[in-house]
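A.B. asks: coordinates only, sequence not included:
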Ligand SMILES: NC(=O)c1ccc[n+]([C@@H]2O[C@H](COP(=O)([O-])OP(=O)(O)OC[C@H]3O[C@@H](n4cnc5c(N)ncnc54)[C@H](O)[C@@H]3O)[C@@H](O)[C@H]2O)c1
Ligand SMILES: O=C(O)C[C@H](O)C(=O)O
């Protein structure tokens, strides 16, 4: 299929009900009289011809008639499975209102209830049983070229743990954002769920559960399966970007390390999160007129996201001129048992470089084996606090007040998703700091009013980053995705901060500006890839042209009939 975005007519052999049942092609009541004749649609549609704007108005009315977020989600997914152009047109016109329905927080409910609310299949469910027929499975997916794959095994969905096959909701949701915010045509995207079983007893005992009903396969079996999948993708679509999404901690980093030099891939929870958080931190520091390298930064949750962000913060501090040792000494990672130190047992590889030395904290006073979050607040006096634990309520009033006592205008980012897993709500943080705080969350929260002032809440979510990275990689045909390319996305985001640029407005640009921002991120990411020899050398003008050519917008094209 040609890019559905070009103005030329689209030639298709589909006709009659097959055409109406193909969501990428279906126009419903917008098929013209001429098309209805040419494609044997007479009698299959109500007589009136409608524009996409009229269809969007009706769909929005219907959307509004649902009271609960999950029912709205189910309704939108049904439109997506019926008519993708209409779905994206509707989403684009109501982006602020509908992103929380398509994506976090509602996507968390959709994953938890995946088998209960299941209507129709989308994407590829590849089960462990299919491991020796992956070429056939990928061939079944689509005849088209696939450019972006979002893959999950559903083991750590947001902060909701193992959701087994329900993780597919995340792959679908992320790809919806690739299209809505990064302009990647839905024709070229593929959500994938690798079903290796689940350790979630509730799901294993649920008669509705649609995934494999056994515990997750062992590590050797798992690694072999993922490897077979990556190799099969390489054979079928050698240029596709693979985005790893919501893998649990024991697999997230090892998979990234194993494949990042072999295929064009990235892990959104490690690298996308690091890029968006450093970009947002830079904006916060700029609006406070301080340097990130002058801050002590505390993380609650030393997992994939926390350690990924920490390493990127260190790189940024080094870029600002401090030594790596100095930068590392300013990072405090807290996990279940307290601060990670060089005497903490059982640390994972990626946590070991992020510990505090026992000598550095020798004069701290604390009562348990390792300093608690509160102890760290009192003793280190950090300027930045980041929550990526998936555990609600960890930023207590005492913790936030202790932090405020030790610094001016703390920067506090409770990033755990979905909303109900957040470490402290924006309202709590603003009350406890008496409004003297810079805050960003991972899920959307409404603005807070405090003492006559309105505080918009920035959503420091990966969705600011990955659509632009995908668009840039596709435009320049980058072979790999480097840390520098992610750093360039971060910098572009920070430069777009209304608060840092003007002293007013949100810390991050509105989601409605994401399409323009994604194009700018794409451009800068592609330039970095070229400088590193990872992509085609293109003149700026040609690169912009490729970005714009790749940017799909939801408009109907005129169809012409070709015989089958
Ligand atoms: N930008 C974003 O919005 C964004 C991006 C990525 C992840 N997240 C959120 O961050 C959370 C973690 O994601 P992850 O990929 O790092 O998961 P992970 O499982 O790799 O890490 C979570 C870590 O938190 C630790 N933890 C659990 N309870 C704790 C406690 N009481 N105190 C301190 N630490 C505790 C765990 O031991 C683990 O190391 C999730 O809720 C996810 O939704 C948000
Ligand atoms: O999915 C999101 O909203 C961000 C992040 O990938 C997460 O896992 O929370």
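C.D. replies: Looks like it arrived, so ask away. Because the structure is predicted, anything quoted here is derived from the model rather than measured. Ligands and ions are numbered 1, 2, ... in the order given.
A.B. asks: Now the closest residue to ligand 1 within the stretch 301-450 of the chain. Nearest residue, chain neighbours left out?
C.D. replies: Proximity of the stretch 301-450 of the chain to ligand 1 (Cβ to the nearest ligand atom) peaks at residue 303, 1.8 Å away. Using the backbone N, CA and C atoms, a C-beta is placed for each residue, glycine as well. If the residues on either side of it in the chain are set aside, residue 303 comes closest to residue 249, at 5.0 Å by Cβ to Cβ, 6 or more residues apart in numbering.
A.B. asks: The residue of the stretch 301-450 of the chain closest to ligand 1 contacts residue 388, doesn't it?
C.D. replies: Yes: taking contacts as Cβ atoms under 8 Å, residue 303 lies within contact range of residue 388: 6.6 Å.
A.B. asks: of the two, who's got more company?
C.D. replies: residue 388 (28 against 23; other Cβ atoms under 10 Å).
A.B. asks: Model confidence at that one, what's the number?
C.D. replies: Per-residue confidence at residue 388 stands at 98 (pLDDT).
A.B. asks: got a list of what it touches?
C.D. replies: 273, 299-301, 303, 305-306, 309, 415-416 (Cβ atoms under 8 Å, 6 or more residues apart in numbering).
A.B. asks: what sits against residue 85?
C.D. replies: With Cβ under 8 Å, 6+ apart, residue 85 has these contacts: 4, 26-27, 52, 554-556.
A.B. asks: Quick check: the two most widely separated of the residues you listed?
C.D. replies: Across the contacts of residue 85, no pair lies farther apart than 26 and 555, at 14.2 Å, counting by Cβ to Cβ.
A.B. asks: ok, back up a step: give me every residue that touches the residue of the stretch 301-450 of the chain closest to ligand 1.
C.D. replies: 249, 335, 388-390.
A.B. asks: Tell me, how many residues neighbour residue 41?
C.D. replies: Look at residue 41: counted by other Cβ under 10 Å, it has 19 neighbours.
A.B. asks: Kindly provide the distance from the residue nearest to it when sequence neighbours are not counted to residue 85.
C.D. replies: The shortest distance from residue 41 to any non-neighbouring residue, by Cβ to Cβ, 6+ apart, is to residue 31 (5.6 Å). Going from residue 31 to residue 85 by Cβ to Cβ, to the nearest Å gives 12 Å.
A.B. asks: what residues are up against residue 365?
C.D. replies: Residue 365 sits next to 375, 379 when contact means Cβ under 8 Å, 6+ apart.
A.B. asks: quick one: it and ligand 2, what's the gap?
C.D. replies: 35 Å (Cβ to the nearest ligand atom, to the nearest Å).
A.B. asks: State whether that residue is indeed within a strand.
C.D. replies: No: membership of residue 365 in a strand is not supported by DSSP: H, G, I helix; E, B strand; the rest coil, which gives coil.
A.B. asks: Give me the phi and psi angles of it.
C.D. replies: phi -110, psi 130 (degrees, to the nearest 10).
A.B. asks: now swap in the one 5 residues further on and tell me
C.D. replies: Backbone torsions of residue 370, given as degrees, to the nearest 10, read phi -120, psi 150.
A.B. asks: pLDDT at the nearest residue to it once chain neighbours are set aside, what is it?
C.D. replies: Counting by Cβ to Cβ, 6+ apart, residue 370 lies nearest to residue 338, which is 3.2 Å off, once chain neighbours are set aside. We note a pLDDT of 97 for residue 338 in this prediction.
A.B. asks: swap in residue 4?
C.D. replies: pLDDT, residue 4: 46.
A.B. asks: cool, residue 367 as well?
C.D. replies: pLDDT at residue 367 comes out at 88.
A.B. asks: if I look at it, how far off is residue 215?
C.D. replies: The spacing between residue 367 and residue 215, counted by Cβ to Cβ, is 39 Å.
A.B. asks: who has more neighbours, these two?
C.D. replies: residue 215 (13 against 7).
A.B. asks: wait, what's in contact with that one?
C.D. replies: So residue 215 contacts 197-199, 204 (Cβ under 8 Å, 6+ apart).
A.B. asks: ok, so of those residues, who is nearest ligand 2?
C.D. replies: residue 198 (17.6 Å).
A.B. asks: show me the contacts for whatever residue of the stretch 351-500 of the chain ends up closest to ligand 2.
C.D. replies: As assessed by Cβ to the nearest ligand atom, ligand 2 sits closest to residue 417 within the stretch 351-500 of the chain, at 3.6 Å. Neighbouring residues of residue 417 by Cβ under 8 Å, 6+ apart: 104-105, 108, 158-159, 390, 442-443, 461.
A.B. asks: I am finished for the moment; much appreciated.
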